[in-house]
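# Output the structure for:
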Amino acid sequence: MEFEFNGTIFFWRGPAPWYFVTMPENESRDLKAVSAEVTYGWGVIPVHVQIGSTEYKTSLFPKDGLYLVPIKASVRKAEGLDEGDDVSIRLIVDM
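Numbers count the residues shown, from 1 in each chain. Now for the predicted structure:
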C-alpha cells in the first residue's frame, strides 16, 4: 500500500520530543481500514518513507484518528528541513 501527500513539519514537545508530519484525513482513513493487518502493536505501523531524495524506515503513530509520520533528525539535516516547513511524502506500508 502506497501513499503520497504533503504536510507541515511540527515539533512535539512531549517527554520525548520529536518532529512529525500528520498524514491527511483521507489517507489516514484508508490506512486505518487495513491497520489490523499491518500493526505490530498499539496501532503502530511500520513504513518506508521518502522525503526528497532521502529514504528511511520508521513507524507511524496513531493520534486522534490520524497517523503521525516521524521525521528523523538525519532526514531533516539531509533535506534542509525544520519545523514549519511543508514537505512532500511518499510512504509505503510494510505489508
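
# Mind naming the longest helix for the chain?
The residue-count maximum for a helix in the chain (DSSP state H) belongs to helix 25-38.

# same question for that helix, mean pLDDT?
Mean per-residue pLDDT for helix 25-38: 94.

# Can you list the buried residues in the following helix or strand past that helix?
Later in the chain than helix 25-38, the nearest helix or strand by DSSP states H and E is strand 45-51. In terms of neighbour count (16 or more other CB atoms under 10 Å), strand 45-51 has its buried residues at 45, 47, 49, 51. In this view, the C-beta of every residue, glycine as well, is placed from N, C-alpha and C.

# Stretch 75-92 too?
Neighbour-count burial for stretch 75-92, counted by 16+ other CB under 10 Å, picks out 75-76, 81, 85, 87, 89, 91.

# now swap in stretch 49-69 and tell me
For stretch 49-69, the neighbour count (16+ other CB under 10 Å) marks 49, 51, 54, 58-62, 66-69 as buried.
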